[in-house]
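# Model the following, please.
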Amino acid sequence: MTHPVRFIYLHLRGNNFHVTQYQGDDVLVAYEANAEWNNYRGVGHVTILNKNYVPIKTVVGNGIMIDVHEFKIVDEIDLETSEVLFEWSSLDHVSPDETIEPISTLSSGTGVSAAEAIDYMHMNSLDKDGDDYLVSGRRTSTIYKIDGKSGKVIWRLGGRLSNFTLGPGVEFGLQHHARFISRSEDGHQTVISLFDNSGQHLDDFAGRYENRSSGKIIVVDTRDWSASLSQKFQAPDKLFVSYTGSAQVLPEGNVFINWGLPGAMTEFTRNGTIVFQAYLDSGELFRNGHEFTYRASKSNWTGIPRENPALVALTHDEITTLYVSWNGDTETKRWQFYGVDDSGKEVLLGDEARSGFETSFSVGAKPKLIAFRAAAVVSDGNVARTSKLVKSKPQIFPYVPGKDDSGDSGDNAQAAMQSENGEP
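Numbering: from 1, shown residues only. Modelled structure (predicted):
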């Protein structure tokens, strides 16, 4: 992003929200599931948004279920007609015998209906390199290279039937997010990345893997059918991610890893130095939920919302505080604040450097003003957009048990106001 910003995208069952390219432009893509949701599978569609956050395309599978785990714009669904151009079924090429989880437990589905199909492979990522595909099977702990014309399995990495001899540190389990990175000119060596969950989360069973998750870059060589570990990015704080997660190799060589279930993200340099580390902390939004993200990515993005900036003016003790935000905007550098007096004249009250998602500005009792407006100023000094005129409303503070029962309303109100506005 060209400016640090919190962008809020809400969908009851949204997933895999990321930046990609469509018809030469950067776009946002999100999987949006319908009400039906079972065993991490859903029936839904993909929505593509332009830089103004306007939906420009809705993609459905034309009778084929679009899965929650992956959506990449390649050529296998004609986005103009939703015609399916290539289809691959695991049952035609991968036997249920390859699963590392007992099917008899029915944890992967009962098999009594299409909605309860036995998910013995659990494909959770798809990538394309030339004509061929890279598919991750979580429940087979295997990465498959698939011929993009015949659908045949070209090779398997990991799992019960690996075609490669695994070198030290290569072994992985229940992985996510496998990606092609590069290949040699002669085509014999292929570099891939993946997120290694590294085992099941069972309190009474250590598992066959090391139970410490990591991002891995692996080189496979079809001349001697060997697989070697190029780089490993270990989870900080000894995090273990039993499911979800992603590893993204950035254009400059850094690696951005989402630790999924524990709700953390880390960016590493090529040599493994941590340059960014954060835990999700969503306050009230997730206080009764669980802070984790299925997949995270780092991308350049320029957003220019279609809607105007949102402004609210709240007054307490003759002080009016203006709060302005512009959801999805990446270009605003400063905010100008205006007031309208009794005569209808609009006057500049001052400006404030943009600070995160919401910026505030305080106005005294004089001059007497009847309405307010905010203007978004971009890097060249021009105004990109202005809010609507708004009138001030009384500041209403949330009830604080114990504090607001003492009768000392002044101090309590001030403390509540500071807490509400994020002040210590």
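# Could you pull up phi and psi at S379?
S379 adopts backbone torsions of phi -60, psi -30, taken as degrees, to the nearest 10.
# I figured it hits E331, correct?
Yes - S379 lies in contact with E331 (CB atoms under 8 Å); the separation is 7.2 Å. No exception for glycine: its C-beta is placed from N, CA and C like everyone else's.
# For the chain, which residues score under the pLDDT cut-off?
Scanning the chain for pLDDT under 70 picks out the ranges 1-14, 34-43, 61-82, 105-108, 114-115, 199-211, 281-290, 404-424.
# do you know how far the residue located most distally from the centre of the chain is from S150?
Relative to the centre of the chain, the most outlying C-alpha is that of S343, 48.9 Å out, by CA atoms, centre = their mean. Plainly put, S343 is 78 Å away from S150 if you go by CB to CB, to the nearest Å.
# Is the residue farthest from the centre of the chain in a helix, a strand, or coil?
Assigned by DSSP: H, G, I helix; E, B strand; the rest coil, the conformation of S343 is coil.
# Spatially central residue for this structure, please.
Most central in the chain (CA atoms, centre = their mean) works out to A296, at 3.7 Å.
# quick one: contacts for that residue?
S246, Q248, F256, N258, M265 (CB atoms under 8 Å, 6 or more residues apart in numbering).
# and the last one, bridged to which residues?
What that stands for is M265. Taking DSSP bridges as the rule, M265 bridges to N258, A278.
# neighbours of it, just the number please.
19 (other CB atoms under 10 Å).
# Confirm for me that it is in contact with Q277.
Yes - using CB under 8 Å, M265 is in contact with Q277, at 7.5 Å.
# residues touching the residue farthest from the centre of the chain, list them.
By CB under 8 Å, 6+ apart, S343 has no neighbours at all.
# Going forward, the N-terminal residue is numbered 854.
Taking 854 as the first residue, the last one we looked at is S1196.
# Check the spacing between it and S1099 real quick.
Note on S1196: its distance to S1099, by CB to CB, is 58 Å.
# Ok, I996 next?
From I996 across to S1099, the span is 15 Å (CB to CB).
# So between S1232 and E1184, which is more surrounded?
E1184 (20 against 12).
# Surely that one is in contact with A1237?
Yes - under the criterion of CB under 8 Å, E1184 makes contact with A1237 at 6.3 Å.
# got any residues that touch both of those two?
Common contacts of E1184 and A1237 (CB under 8 Å, 6+ apart): I1157, A1229, V1231.
# Next, format these as TSV and append secondary structure and neighbour count.
Compiled in TSV, the shared contacts of E1184 and A1237 are given as follows (DSSP: H, G, I helix; E, B strand; the rest coil; neighbours: other CB atoms under 10 Å):
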residue	secondary structure	neighbour count
I1157	coil	16
A1229	strand	24
V1231	coil	17
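# nearest to Q876, of the residues you listed?
The nearest member of those to Q876, counting by CB to CB, is I1157 at 17.7 Å.
# Name all residues that make contact with the closest one.
K904, N905, D1182, T1183, E1184, A1237.
# Would you agree F870 falls within a strand?
Yes - assessed with three-state DSSP, F870 lies in a strand.
# Can you verify the residue nearest to the centre of the chain is assigned to a helix?
No - under three-state DSSP, A1149 falls outside any helix and is assigned coil.
# any idea how far it lies from Q874?
Distance from A1149 to Q874, by CB to CB: 19 Å.
# before we move on, the earlier item: in TSV, list the contacts of A1149 along with distance to I1070.
Shown next, in TSV, are these (distance: CB to CB, whole Å):
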residue	distance to I1070
S1099	14
Q1101	11
F1109	13
N1111	16
M1118	18
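# Tell me the buried residues within those.
S1099, Q1101, F1109, N1111, M1118 (16 or more other CB atoms under 10 Å).
# Quick check: bridge partners of the first one?
The bridge-partner assignment for S1099, based on DSSP bridges, gives N1111.
# That one contacts H1030, correct?
Yes - look at S1099 against H1030 with CB under 8 Å: they come within range, at 4.0 Å.
# Now the common contact residues for the two.
F1048, R1148.
# hang on, the earlier thing: what are the phi and psi values for the residue nearest to the centre of the chain?
Dihedral pair for A1149: phi -130, psi 150, per degrees, to the nearest 10.
# Would you mind measuring from it to T1183?
18 Å.
# again with I1045
I1045 sits 32 Å away from T1183, going by CB to CB.
# More neighbours: those two, which one.
Counted by other CB under 10 Å, I1045 and T1183 do not tie: I1045 has more neighbours, with 25 against 18.
# SS state for that one?
The three-state label given to I1045 by three-state DSSP is strand.
# Strands along the stretch 1054-1203 of the chain, start to end?
Here the stretch 1054-1203 of the chain has its strands, by DSSP state E, counting those that start in this stretch, at 1067-1074, 1079-1087, 1099-1102, 1108-1111, 1117-1121, 1127-1132, 1163-1169, 1172-1178, 1187-1193, 1199-1206.
# so of those strands, which one's packed in deepest?
strand 1108-1111 (a mean of 24; mean count of other CB atoms under 10 Å).
# How about residues contacting that strand?
Contacts for strand 1108-1111 (CB under 8 Å, 6+ apart): 1046, 1048, 1068, 1070, 1084, 1086, 1088, 1097-1103, 1117-1121, 1123, 1146, 1148-1151.
# redo that, cut-off 7 Å
1048, 1068, 1086, 1098-1103, 1118-1121, 1146, 1148-1151 (CB atoms under 7 Å, 6 or more residues apart in numbering).
# just stretch 1021-1039 next, same as before
Stretch 1021-1039 is contacted from outside by 977-978, 980, 982, 987, 989, 991, 994, 996, 1011, 1042-1053, 1062, 1069-1071, 1080-1082, 1085, 1097-1100, 1102, 1148, using CB under 7 Å, 6+ apart.
# Next, the buried residues of that stretch.
Buried residues in stretch 1021-1039, counted by 16+ other CB under 10 Å: 1022-1033, 1036.
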